[in-house]
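Below is the structure, and that's it, no one-letter string:
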């Protein structure tokens, strides 16, 4: 015997009806078990309906409460329709007129609630979605602020208790040492007597020597720094005997004055600073042509010999930190010289 697709569909419907009937029976048993006691949600709804709070509210019903009540009513009507249908199946299709009226009433209420949800609440919810989100965010923010304030208050209480403990510890820290008041032995007393009777000479403690603060002005410091500055030849000598690695310029890049001079390290650093400034600011600085005076030219020619700089042997300049330089005396007039000779 072959089964048609229609038979399989009928069999699936029958199996689903049987499972639904079992679930409804279990639901009825649970409801009967409560008796006159109802869950908290059902009791709250029943009390609000009996007192007619929703109808007497001057501001009307809110959108969220209307949505909740319509959804609960729709589910209740659907359950009533399913229960009546299952009851008619159990009673072998012996349905009375009262049962038909109750079923039609349940169907009508389900239709009313469904239309309220689809045509009334859904478009209003779309229009008021922004305001609803703002209200929900404000509520969550308020809860967060309340929890943060509570935590801050508890932390403050803990900090105050810790500060009290620290104050107690500090008060005990400065208490007198009772062990220092006890005379343990007589040896320290004897030693103190011996130390009093000694005839050793008093020797003051040695203090490390320190120079007095200099009262010279900025001009004097600049002149002293200029006199103590190392010369070019000395810098080249120290650079040659040193073991530190150094960067050499390309051949011929440091030659100046027609091959008679070489750029010093200070001059190369100055050129690098100028190049860095021009690259950073996208400008070209004007080439400054310094005019050499006759005195400077004669001095430079006097210090150079065979393309070398011999200014390090000049007697007017000091090499290093020397202390044998003579002090310059102020010019005195004839009266001061005579007065000094008379003394």
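Yep, it's here. Remember, it's a predicted structure, so these values are computed and weren't measured experimentally.

what's the longest helix seen in the chain packed up against?
As assigned by DSSP state H, the longest helix anywhere in the chain is helix 129-173. With contacts defined as 3 or more CB pairs under 8 Å, 6 or more residues apart in numbering; DSSP states H and E, helix 129-173 has no helix or strand neighbours. No exception for glycine: its C-beta is placed from N, CA and C like everyone else's.

pLDDT on that helix, on average?
Mean pLDDT, computed over helix 129-173, is 80.

Now residue 256, what are its backbone angles?
Backbone dihedrals for residue 256, given as degrees, to the nearest 10, come out at phi -130, psi 170.

nearest spatial neighbour of it, skipping sequence neighbours?
residue 263 (5.9 Å; CB to CB, 6 or more residues apart in numbering).

worst-scoring helix or strand of the protein, pLDDT-wise?
helix 187-197 (a mean of 49; mean pLDDT, DSSP states H and E).

Mind giving me the packing neighbours of the helix or strand containing residue 103?
Using DSSP states H and E, residue 103 sits in helix 97-115. With contacts defined as 3+ CB pairs under 8 Å, 6+ apart, helix 97-115 has these neighbours: helix 63-90.

can you state the direction angle for the helix it packs on and helix 97-115?
150 degrees (axes from the mean of the first three to the mean of the last three CA atoms, to 10 degrees).

re the thing from before, I'd like to know how far the residue nearest to residue 256 sits from residue 200.
Residue 263 sits at a distance of 67 Å from residue 200 (criterion: CB to CB, to the nearest Å).

Over to residue 122?
Counting by CB to CB, the gap from residue 122 to residue 200 is 108 Å.

So for those two, which sits in the more crowded spot?
Set residue 122 next to residue 200 and count neighbours by other CB atoms under 10 Å: residue 122 wins out with 11 against 6.

per-residue pLDDT, that one?
Confidence score, pLDDT, at residue 122: 87.

Tell me the helices and strands packed up against the helix or strand where it lies.
Remark: residue 122 resides in helix 122-127, with elements defined by DSSP H and E. Counting contacts by 3+ CB pairs under 8 Å, 6+ apart, helix 122-127 is packed against helix 63-90.

buried residues in the helix it packs on?
If you call a residue buried by 16 or more other CB atoms under 10 Å, then helix 63-90 has these buried ones: 66-67, 69-70, 73-74, 77-78, 80-84, 86, 88.

between those residues, which is closest to residue 270?
Of all those, residue 270 sits closest to residue 67, with 81.5 Å by CB to CB.

where's that closest one relative to residue 118, distance?
Taken as CB to CB, the span from residue 67 to residue 118 is 12 Å.

Which residues outside the helix holding residue 122 are in contact with it?
Outside helix 122-127, the residues within contact range by CB atoms under 8 Å, 6 or more residues apart in numbering are 63, 67, 132.

Among the residues you listed, which one lies nearest to residue 246?
For these, the nearest to residue 246 is residue 132 (75.3 Å; CB to CB).

Leaving out sequence neighbours, find the closest residue to the closest one.
residue 125 (7.5 Å).

for residue 287, helix, strand, or coil?
coil (DSSP: H, G, I helix; E, B strand; the rest coil).

wait, residue 106 sits on residue 75?
No: Residue 106 is beyond contact range of residue 75, at 11.5 Å (criterion: CB atoms under 8 Å).

from the contacts of helix 122-127, which is closest to residue 21?
Nearest member of those to residue 21, counting by CB to CB, is residue 67, at 31.1 Å.

And for the closest residue to the closest one other than its chain neighbours, the neighbour number?
Of all residues not flanking residue 67 in the chain, residue 121 sits nearest, at 5.0 Å (CB to CB, 6+ apart). Neighbours of residue 121 under the rule other CB under 10 Å: 16.

quick one: contacts for residue 121?
Contacts for residue 121 (CB under 8 Å, 6+ apart) come out as 63, 66, 67, 70.

so can I have TSV of those showing distance to residue 29 and pLDDT?
As requested, those are exported to TSV (distance: CB to CB, whole Å; pLDDT from 0 to 100):
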residue	distance to residue 29	pLDDT
63	37	78
66	33	82
67	31	85
70	29	86
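
quick one: secondary structure of the residue nearest to residue 340 when sequence neighbours are not counted?
Nearest non-adjacent residue to residue 340, counting by CB to CB, 6+ apart: residue 332, 7.5 Å away. Per three-state DSSP, the local secondary structure of residue 332 is coil.

same thing with residue 244?
Per three-state DSSP, residue 244 ends up coil.
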